[in-house]
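Visitor: Sequence first, then the predicted structure, then my questions.
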Amino acid sequence: MAYFLRRESDGAGSSGPLSAIVKGKFLEYHAEPRVGYCLRVGPLCIGGKVEAYETDEITDILVKVRNYVRFSTATSIYEWWEK
């Protein structure tokens, strides 16, 4: 399974087998975007170090349809999907 994340304003983001929600020390893998959490998407690990794109805290879910979520943070709008 692969996950994709793209920021609407400039296309920044990442893709890979990692999609995790993060809040403090809490980390849930294979997760969809959820309000109140940051989202991390990318490769699982490169040389023992996680190289993934992480959003700011999600403030609103704008669209949620099957394997696609459009959401916002305080400063950006993102699209997330899985294939």
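Guide: Nice, I can see it.
Visitor: Might you list the low-confidence residue ranges for this structure?
Guide: Within the chain, the ranges that satisfy pLDDT under 70 run 45-48, 50.
Visitor: Mind doing that once more with 50?
Guide: By pLDDT under 50, the chain contains no weakly predicted segment.
Visitor: Select the longest strand from it.
Guide: strand 58-65 (DSSP state E).
Visitor: so what strands line up beside it?
Guide: Each strand paired with strand 58-65, and its direction, by DSSP bridges: strand 68-73 (antiparallel).
Visitor: List the buried residues in the helix or strand that comes right after the partner strand.
Guide: Next helix or strand after strand 68-73 toward the C-terminus (DSSP states H and E): strand 77-82. Under the neighbour-count criterion of 16 or more other Cβ atoms under 10 Å, strand 77-82 has Tyr78, Glu79, Trp80, Trp81, Glu82 buried. Every C-beta, even on glycine, is put in place using the N, C-alpha and C of the backbone.
Visitor: Give me the angle between the longest strand of the chain and strand 77-82.
Guide: Here strand 58-65 runs at an angle of 50 degrees relative to strand 77-82 (axes from the mean of the first three to the mean of the last three Cα atoms, to 10 degrees).
Visitor: Tell me how far strand 58-65 lies from the chain's centre.
Guide: Once both centres are worked out by Cα atoms, centre = their mean, to the nearest Å, strand 58-65 turns out to sit 12 Å from its chain's centre.
Visitor: picking that back up, closest one of the buried residues of strand 77-82 to Ser9?
Guide: When these are compared for distance to Ser9 (Cβ to Cβ), Tyr78 wins out at 9.5 Å.
Visitor: Can you name the residues that contact Glu54?
Guide: Val22, Cys38, Leu39, Arg40 (Cβ atoms under 8 Å, 6 or more residues apart in numbering).
Visitor: Most neighbours among those, which one?
Guide: Compared across these, Leu39 has the highest neighbour count, 26 neighbours, by other Cβ atoms under 10 Å.
Visitor: residues in contact with whatever helix or strand that residue lives in?
Guide: Take DSSP H and E as the rule and Leu39 turns out to sit in strand 38-42. By Cβ under 8 Å, 6+ apart, the list of residues contacting strand 38-42 from outside reads 3-5, 13-16, 18-23, 31, 33, 50-58, 71, 78, 80.
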